[in-house]
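> A structural model of the following input is requested.
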Amino acid sequence: MHLRPRLLLTLFLCGFPSISLAQAPELPTFPQDFVGKWGGQLEIFRPEGVVQSVPMELHILPLSDTSYTYTIIYGEDKVAGKRDYVIVQGPEGPHHWICDEQNSILLDGYYLGRTYQSVFTVMGNYLISNLEHRDDQLIYSIQSGKEAAIRTTGDQEHAGEEIPAVKSFKVAGYQRATLELLR
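Numbers count the residues shown, from 1 in each chain. Predicted coordinates for the structure are as follows:
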């Protein structure tokens, strides 16, 4: 049996209307859907495995429509381990937020997909920070390493194509916590 393309398309659309009308699932809104006091265990990894595990809390609370607390507490001592930051909406739109460390340091972050992401360098090291909203949990992670590339490849012609230089960086540290709303 040979069907014409137009007939095939009609049969496909009529037979599978949910595919043609399906909508993407609604993503959480940052920071509104991240608001709360969250807690869990932060695991710190090195090449040999987990080298430390400490309690961690993250408090994201509204200050206004465009600013929120972003307080991180590491360890049992909630005073010594407290890092008070504020996030404010940036000029690039609702996906751009600026973390003010309240000491002259401002870190730009971007909410894409389900994840608030920030990339920065300090004292010769890079840090990639992610805060992902997954179901009713927040997944907090930081990757870090030296800012200097460990290898540069490409930067030559190959099979008639000009290949750009590509730099590789060592990932020397990784931290991850699964945070749940504190009751």
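> what about the residue nearest to the spatial centre of the chain, which helix or strand?
Centroid check for the chain by CA atoms, centre = their mean gives residue 130 as the closest residue, at 2.8 Å. Per DSSP states H and E: residue 130 is located in strand 125-134.
> quick one: mean pLDDT over that strand.
Here strand 125-134 scores 98 as its mean pLDDT.
> how about residues contacting it?
Residues from elsewhere that reach strand 125-134 (CB atoms under 8 Å, 6 or more residues apart in numbering): 28, 30, 33-34, 58, 109, 114-121, 138-147, 169. Using the backbone N, CA and C atoms, a C-beta is placed for each residue, glycine as well.
> where does this protein have low pLDDT?
1-25 (pLDDT under 70).
> can you pull out the helices in it?
Secondary structure of the chain (DSSP state H): helices located at 5-15, 17-21.
> just the buried members of the contacts of strand 125-134?
Burial by neighbour count, 16 or more other CB atoms under 10 Å: within these this picks out 28, 30, 34, 58, 109, 114-116, 118, 138-145.
> out of those, list just those in strands.
Residues of the buried ones among the contacts of strand 125-134 located in strands (DSSP state E): 58, 109, 115-116, 118, 138-145.
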